[in-house]
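K.L.:
okay, sequence plus prediction incoming.
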Amino acid sequence: HLSSANVGEYVEASGDWVVDKAHGRQFRAATIRTSHPSSLEGIQRYLGSGAIRSVGPHLAEKIVGLYQERTLEILDKCPDMLLHIRGIGPKRYQRIRQSWEEQREVRRIMLFLQECGLGGGGRAIRIYRQYGQDAIQLVKANPFRLADEIRGIGFKTADALARKLGIEPAAPE
């Protein structure tokens with residue numbers, strides 16, 4: 001299952017072709033990875049898709065028109081350069097920056113969960129909203145807190161995660 005692909009992103013999947021009785025031949029993915037687009041059109045479509053709050057198609061066109069292939073790097077490393085674009089003031093800049101940071105952290109959590117053999121999507125968003133940027137560190141320290149504090153994550157899931165992280169079944173946690 002993939003719940004976080006946005007317009008313009010690339011999706012890489014590995015798995016097997018299977019034959020479903022009801023739907024015929026299908027690809028069953030074992031792992032799925034998304035990555036940001038690299039073409040100008042892809043970057044513009046990605047930014048204008050609503051993936052980043054306060055950036056619509058028109059503003060995405062202006063941003064990509066100015067920063068070209070460096071657009072995503074600018075968002076990562078020097079987002080204050082967005083203030084050079086007409087239509088982006090301090091409030092809008094803050095919303096864009098916060099949205100970009102949140103999306104980056106959710107992706108990190110998704111990758112962490114996928115590396116541990118758990119699906120990421122909605123869980124990653126809920127974990128981020130609960131713990132913020134310290135999410136991975138807090139979960140590694142005590143994965144059982146997820147069962148107590150995150151809606152939709154039970155003890156079995158937390159226990160499976162703990163085992164993947166090397167926590168002994170008889171550990172005090």
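P.N.:
Good, I have the coordinates.
K.L.:
tell me the buried residues in the worst-scoring helix or strand of the chain on mean pLDDT?
P.N.:
Least confident helix or strand, the chain: strand 24-35 with a mean of 81, by mean pLDDT, DSSP states H and E. Within strand 24-35, the residues that qualify as buried by neighbour count (16 or more other CB atoms under 10 Å) are I32, T34. No exception for glycine: its C-beta is placed from N, CA and C like everyone else's.
K.L.:
could you do stretch 148-158 as well?
P.N.:
Counting neighbours by 16+ other CB under 10 Å, stretch 148-158 gives I150, I153, T157, A158 as buried.
K.L.:
where does the third one land on pLDDT?
P.N.:
The one in question is T157. Per-residue pLDDT puts T157 at 89.
K.L.:
what's the helix or strand for it?
P.N.:
Assigned by DSSP states H and E, T157 belongs to helix 155-164.
K.L.:
show me what that helix packs onto, helices and strands only.
P.N.:
In terms of contacts (3 or more CB pairs under 8 Å, 6 or more residues apart in numbering; DSSP states H and E), helix 155-164 is packed against helix 145-149.
K.L.:
identify the residue spatially nearest to S14, adjacent ones excluded.
P.N.:
Spatial nearest neighbour of S14, excluding adjacent residues (CB to CB, 6 or more residues apart in numbering): T31 at 5.2 Å.
K.L.:
could you do Y128 as well?
P.N.:
V106 (5.0 Å).
K.L.:
that neighbour contacts A124, doesn't it?
P.N.:
Yes - between V106 and A124 there is a contact under CB atoms under 8 Å: 5.1 Å.
K.L.:
report the secondary structure state of the residue nearest the centre of the chain.
P.N.:
Centroid-nearest residue in the chain: R107, 2.7 Å away (criterion: CA atoms, centre = their mean). Recorded secondary structure, R107: helix (DSSP: H, G, I helix; E, B strand; the rest coil).
K.L.:
what about it, distance to W100?
P.N.:
11 Å (CB to CB, to the nearest Å).
K.L.:
same check, this time on R123
P.N.:
Distance from R123 to W100, by CB to CB: 21 Å.
K.L.:
hmm, Q98 and I52 touching each other?
P.N.:
No - in this structure I52 lies outside contact range of Q98 using CB under 8 Å: 9.8 Å.
K.L.:
pull the contacting residues for I109.
P.N.:
Listed by CB atoms under 8 Å, 6 or more residues apart in numbering, the contact partners of I109 are G120, A124, I127, Y128, A135, I136.
K.L.:
tell me the contacts of the second one?
P.N.:
Taking CB under 8 Å, 6+ apart as the contact definition, A124 lies against S4, V106, R107, I109, M110, L113.
K.L.:
tell me which element it is part of?
P.N.:
In this structure, A124 sits in helix 121-131 according to DSSP H and E.
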